[in-house]
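A.B. asks: what's the 3D shape of this:
(2 chains)
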Amino acid sequence: MTPTLVGRWQTRFLLMLSIAVPWTLILAPLLGLGIGPALGMVGIVTVLGLVWETGYHAYQQLRWDKDWPSLLALLAGVPEGLLAWLVLGGFGLRPSGGAFLALFGSTWVILWLVQQGPLRVLAPAWRFHGARFVEPRPAPVRALEPEPQTPLGDLMSPATEPASEPVAEPAPARTPATPRKVRTPLAFPGRRVGVAVVAAAVVAVIGYAVGTTLTKDHTASAHSSSHAPAAGAQRHRSGGHGAGGSAAKPKSGVPAPPNPAAQRPVKWEIPSDHKAYRTWNVSQRVTPYAVTIPRLRLQKVLSSVGLSATGTMQTPAKPTDAAWYDAAAAPGQNGPSVLVGAMGTSAKPGVFARVGQLVPGDTVVVTRTDSTSIQFIVNKVQRVSFDAFPTRAVYGMTDKPTLRLIGYAKSGKGRGQNVIVYAKAVRLLQPKQAS
Amino acid sequence: MTQLTEHPPAPQQEYDVRRTRLVSIGGGLGSFALLDRLRIGGASTDDLVVVSPHLKPDHAFALACRNSGMGQRDRLRSDSSARIDNVWGFPGYAASEARVRKSAAPLLRSLVEPVLCQPYTPTVGLMRTTLAAEAERIGWEDMLVRGEALRVYRHPDGGYIVLVRRRGQNDLAIECEFVHLAVGPAGPEISPETRAFKETAGEGDRRVVHAYEPHEEIYRQLATRGGSVLVRGAGIASSRILQRIIDDKERSGQDVHIWQLFRHYHAEPTGPLRARRDAGCGYAYQSYNFPKAAFGGQLRDASRRLDEEGRIALMRQMGSTSTPYRKEWALQLREGRAEGWYDAVAGEVTRFVDNGETVGADIVLANNERLRLDVDVVIDATGMDLAAVDHPLINDLVEQHLAEVNELGCLRVDDRFVVAGSEDHPGAIFASGMNTRGAPLAPVDSFLGLQSAALSIAEVLAGQGLGRRMGPLRSVSQWWKWMGGRSL
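C.D. replies: Numbering: from 1, shown residues only, chains lettered A, B, ... in the order given. This is a model prediction of the structure:
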């Protein structure tokens, strides 16, 4: 502690008032003391204490550090107690020796303990202001005008030529890789309303028995899907979407459960048959197998998409399919991994129809073909039009493994819109070895 | 540490734009202290941006530790309650260590220090792990923009624009109301003698090295072949280097002769009764780099009252080269003197001479005699470069008349840590850390100094609606969250 003289007086006075007085009111009746004499005692000790503090401050001047070590602060109770005992005798307020020792000793120790830490919690600036509680407020700085008017470009342009307007790229533009079967691009210019979205019910709802908790049914499904992944993924990559049906039976007509806590993240626990790791090899590229979204009760085997001939991302063959964009990172690998799926119409919902309902803090799990899973935590959900697609935010390199879920609507109510869910990887889950 | 070859570089043709309220440039402990306090005060991550070349707030610090040869278990020169990841300083590092070690010893020690025992000091590892947890808790990554701040422009409508160069992406122009500078030292100070020696011997010569640049191979060379070494300086760095060399010497049994060069040799405690400082074996002893009251007691009030000249003089007096007394190496040095393998010399080096195999050091002794020492290696432990204007970003700010410097070459700041020269423009530039030496607070580059500055700055920002003041209720509820490790 490094008090100043004023700080010492302030601290002593306030602590006696706020702690010693209530403590005396509690303890005095138990010790058989009258309230009046006991409070008189506290008053006398407080006045004496203010004088003592002046003496401590004088002694502190002899120390190079100009500080007041905790041990001295504790031991100072001995001379203070002795003097108080003598002075109380003079005033005729002296209680029995045991009662005085109990009251004075306990109060002193409590005050000392409070100053060793808890007081700093109540008043964080106390220790920086020489133990003073009262400190003048700093002068304010000049406030800003409400709306800046000058365009940025004029300010920063180099002398030779003006800087161009801030970039806003409408669509992902990448050099096409080997062209494959051309599918409808994700961000298509024409917005053809009549593009037929293949009718399907909500696919891969984890339709387990009624009454099974969300946690439990995820556990079981993640488990089942992670045990025969490799073959499924092989077929899947060649055949497009064959494995989806076998892994999770589509159940039509299961309505979304009414969600009272729509704004709170869904609680999700790590399955008991999995082991969780906070670190893993973030350079390794492991093909994803399936995606699980506990809030939406969605589990879906993933196909993969690449770039179309026009340089935009392909979309999955069916609106009920979710796909991984294989030109970006794999889930769990450093960088953004991108999963894409249709949102469909209200009549014919796509696989990512309700992906906009996710809230920050929700879990998304991606199971990979090596039977490990990566748990992602959603940190942002964004709804943008195709024209204002934030290419850099979605595909830009990140320092950590991240995930982006992109839902697109080519028709229906939210036509021409993307819902983008940003998530970051937090854990790797590995099935425990069966012994 | 930001290092640029030319400044200011021209912005790229295309750049992204982002708007926020406060940009903290630096991304080390100074930025962390401020952002931690603001987040605890309720500021949103959208209103705060930190521009840093590092991923984590402790990376620059860890680098400095590693260069000066400190491992995870080595102890810092810091107080238990000077806790960079905890605004309240309670529970302190001692309590955390007591919990980890399942032993009450550190806690007891922190309560009876410095009367009954040497002060408790935290380890590098403890400081870094707790800092990483707090950075995670306040959402450091959400506020982080990785890159180098190229330039700070003044916006004519008020506020500032910070231009950031990012790797593999467009430049980013951040419009903001407030700028916080915490860029740290521009690098170790290379003395003119050393520079002259490197001119002749070549840049790759590793016989004269600085304590804050990597020099592990010198210890290895001394431990395998023995030899003579000249350690220059009498601060914390030199005492750590000596301890390392002597430990290696005892382990390897090699014949190592150590010369130590003091600028001022303190044989015994000096000064009048009111300001007597402990000293011995040539060293001036002090637990921390400043007297404790300079962090937040009567000496801090004293330097607030003084004018700039007076407080720089006071700072020099309080913060002159010193080291904390440690029984272990004091014993080692006494042993070395008795056995004749350690010699202390008081004086100044005038030049280093290349003798082929060895390095010759010409020394003017304190009694004006001359001495020529021939040693195998020289380790220079005479402090960091402290002039802020050596940093290109700050130099540019000074040239734009956005900031002023004092006679130390550091940023001139007032009690609120607002940089002088920025007051008449709407918005503000704040600064904390090493580059504000000469400020009304003497120990600006310590954990407590950074937190003290952060509290002052946050108080000003609270007046502008960024974060709130820390009243008792908010303070207690936020402390409770900290104790539970609950994310903000």
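A.B. asks: give me the pLDDT for B:Val331.
C.D. replies: Heads up, residue B:331 is Leu, not Val. For B:Leu331, the pLDDT comes out at 87.
A.B. asks: make sure it is indeed in a strand.
C.D. replies: No: looking at B:Leu331 with DSSP: H, G, I helix; E, B strand; the rest coil, it is helix, so not inside a strand.
A.B. asks: ok, now how distant is it from B:Asp278?
C.D. replies: Noted for B:Leu331: a distance of 17 Å to B:Asp278, by Cβ to Cβ, to the nearest Å. C-beta: built from backbone N, CA, C; applies to glycine.
A.B. asks: higher neighbour count, the two?
C.D. replies: B:Asp278 (16 against 11; other Cβ atoms under 10 Å in any protein chain shown).
A.B. asks: tell me how far that one lies from chain A.
C.D. replies: 7 Å (Cβ to the nearest Cβ, to the nearest Å).
A.B. asks: excluding chain neighbours, what is closest to that residue?
C.D. replies: Excluding the flanking residues, the one nearest B:Asp278 by Cβ to Cβ, 6 or more residues apart in numbering or on different chains is B:Tyr285, at 4.2 Å.
A.B. asks: okay, that neighbour and A:Leu33: tell me how far apart.
C.D. replies: B:Tyr285 is 49 Å from A:Leu33, by Cβ to Cβ.
A.B. asks: who has more neighbours, those two?
C.D. replies: For the pair B:Tyr285 and A:Leu33, the greater number of neighbours falls to A:Leu33 (21 against 18), based on other Cβ under 10 Å.
A.B. asks: residue of the stretch 201-350 of chain B nearest chain A, please.
C.D. replies: Residue of the stretch 201-350 of chain B nearest chain A, by Cβ to the nearest Cβ: B:Gly297 (2.9 Å).
A.B. asks: wait, what's in contact with that residue?
C.D. replies: A:Thr2, A:Pro3, A:Thr4, A:Lys66, A:Asp67, A:Gly130, A:Ala131 (Cβ atoms under 8 Å, 6 or more residues apart in numbering or on different chains).
A.B. asks: how far does stretch B:402-420 sit from its chain's centre?
C.D. replies: The chain centre lies 18 Å from the centre of stretch B:402-420; the measure is Cα atoms, centre = their mean, to the nearest Å.
A.B. asks: tell me which residues are up against that stretch.
C.D. replies: Contacts for stretch B:402-420 (Cβ under 8 Å, 6+ apart): A:138-139, A:141, B:152, B:154, B:181, B:304, B:308-309, B:312, B:386-390, B:394, B:397-398, B:421-422, B:428-432, B:434-440, B:453, B:456-457, B:459-460.
A.B. asks: drop anything exposed from those.
C.D. replies: A:138, A:141, B:152, B:154, B:181, B:312, B:386-389, B:394, B:397-398, B:421-422, B:428-432, B:434-440, B:453, B:456-457, B:459-460 (16 or more other Cβ atoms under 10 Å in any protein chain shown).
A.B. asks: out of the residues you listed, list just those in helices.
C.D. replies: B:Ile312, B:Ile394, B:Leu397, B:Val398, B:Ala453, B:Ser456, B:Ile457, B:Glu459, B:Val460 (DSSP state H).
A.B. asks: touching, the second one and B:Gln400? I think so.
C.D. replies: Okay, so that is B:Ile394. No: between B:Ile394 and B:Gln400 there is no contact, the gap being 10.7 Å when judged by Cβ atoms under 8 Å.
A.B. asks: worst-scoring helix or strand of chain B, pLDDT-wise?
C.D. replies: Lowest by mean pLDDT, DSSP states H and E among the helices and strands of chain B is strand B:279-280, with a mean of 82.
A.B. asks: quick one: strands adjacent to the next helix or strand after that strand?
C.D. replies: Counting by DSSP states H and E, the element after strand B:279-280 in chain order, helix or strand, is strand B:283-284. Strand pairing for strand B:283-284, using DSSP bridges, gives strand B:279-280 (antiparallel).
A.B. asks: how near is B:Pro443 to B:Arg37?
C.D. replies: 18 Å.
A.B. asks: show me the contacts for the closest residue to chain A within the stretch 301-450 of chain B.
C.D. replies: Among all residues of the stretch 301-450 of chain B, B:Ala428 sits closest to chain A, at 4.1 Å; criterion: Cβ to the nearest Cβ. Residues in contact with B:Ala428, defined by Cβ under 8 Å, 6+ apart, are A:Val141, A:Arg142, B:Glu177, B:Phe178, B:Val179, B:Val418, B:Val419, B:Ser422, B:Val460.
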